[in-house]
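Student: Here is a sequence with its predicted model. Questions after.
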Amino acid sequence: MSRVEFEQPDGTVTAVDATDGESVMRSALAHLVPGIVADCGGELSCATCHVVVADDWTAAVGPPTGFEDEMLDATAEEREPGSRLSCQITVDPSIDGVRVRVPASQW
């Protein structure tokens with residue numbers, strides 16, 4: 001288990017214990033984290049699981065690649081340097097304690 005922290009637009013932080021090997025999106029859904037809509041269920045086709053990775057975690061999480069990078073141009077909230085689709089971030093011990101911000105447009 002690894003910890004993932006979801007910061008809401010109002011500053012509230014929801015910390016969840018996430019199963020290693022699952023996506024940050026699945027962890028959010030399992031814990032009913034507000035703002036992670038995930039309309040497509042993690043199929044990389046909707047961008048409704050957009051999060052912004054905290055600056056001090058971007059290197060550990062890594063950048064978006066391929067189609068995810070293109071999908072981030074279609075998010076409701078303007079893309080930021082730490083923008084990722086949470087369905088494409090896999091939870092593992094190297095990101096234990098990671099903090100991601102939920103965009104206001106999804107809240």
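Tutor: In hand now; what should we look at? Residues are numbered from 1 along each chain as shown.

Student: where do the strands sit along this protein?
Tutor: Assigned by DSSP state E, the chain shows strands spanning 2-7, 13-18, 50-53, 83-85, 98-101.

Student: got those as a markdown table, with mean neighbour count columns?
Tutor: Where you see a C-beta, it was placed from the backbone N, CA and C, and this is true even at glycine. As requested, the strands of the chain are arranged in a markdown table below (neighbours: other CB atoms under 10 Å):
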| stretch | mean neighbour count |
| --- | --- |
| strand 2-7 | 19 |
| strand 13-18 | 16 |
| strand 50-53 | 26 |
| strand 83-85 | 25 |
| strand 98-101 | 22 |
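
Student: out of those strands, nearest to residue 73?
Tutor: strand 83-85 (9.7 Å; CB to CB).

Student: Paired strands for the closest one, with orientation please.
Tutor: strand 50-53 (antiparallel) (DSSP bridges).

Student: Need the residues that contact the partner strand.
Tutor: Strand 50-53 is contacted from outside by 6, 24, 36, 61, 72, 75-77, 80, 82-86, 89, 98-103, 106, using CB atoms under 8 Å, 6 or more residues apart in numbering.

Student: from the middle of its chain, how far away would that strand be?
Tutor: 5 Å (CA atoms, centre = their mean, to the nearest Å).

Student: Format the CA atom coordinates belonging to that strand as CSV.
Tutor: What follows is strand 50-53, C-alpha atoms only, in CSV (Å, rounded to 0.1, in the frame of the first residue of the first chain):
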residue,chain,number,x,y,z
HIS,A,50,-7.1,15.2,-14.9
VAL,A,51,-4.9,16.0,-11.9
VAL,A,52,-1.9,18.3,-11.4
VAL,A,53,1.0,16.6,-9.7
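
Student: Averaged pLDDT, it. What do you get?
Tutor: In this model, strand 50-53 carries a mean pLDDT of 98.
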